[in-house]
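**Student:** Make a model of this:
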Amino acid sequence: MPKRKSGGYIFLAQVADHGPRHVHVYHDGRFVVKWDLENGRPIKGKATGRVRQLIEELIAEGKL
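**Tutor:** Model prediction:
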């Protein structure tokens, strides 16, 4: 399970998890959003502009 830290957030993605491919985002130990990486939208919760930016950066770096 890739675990990345960026901008004070923790991003967890499981390689062999159910589809669509997604990431769970936490801040200060609290769930923020479950983000659909395939369709670029939230599955559960809300993503701030900052969280979306961090997700895009991690994708561009090949870390998600």
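**Student:** And the pLDDT at the residue of the chain most remote from its centre?
**Tutor:** Residue farthest from the centre of the chain, counting by CA atoms, centre = their mean, is residue 16 at 15.5 Å. Looking at residue 16, its pLDDT stands at 70.
**Student:** and residue 10, that one's in a strand?
**Tutor:** Yes. Checked against DSSP: H, G, I helix; E, B strand; the rest coil, residue 10 lies within a strand.
**Student:** residues touching it, list them.
**Tutor:** The neighbours of residue 10, taking CB atoms under 8 Å, 6 or more residues apart in numbering as the test, are 3-4, 25-27. For every residue, glycine as well, the C-beta is placed using N, CA and C.
**Student:** so which of the residues you listed is the most crowded?
**Tutor:** residue 25 (25 neighbours; other CB atoms under 10 Å).
**Student:** ok so, going back, give me the subset of the contacts of residue 10 lying in strands.
**Tutor:** Secondary structure assignment by DSSP state E places 3-4, 25-27 of these in strands.
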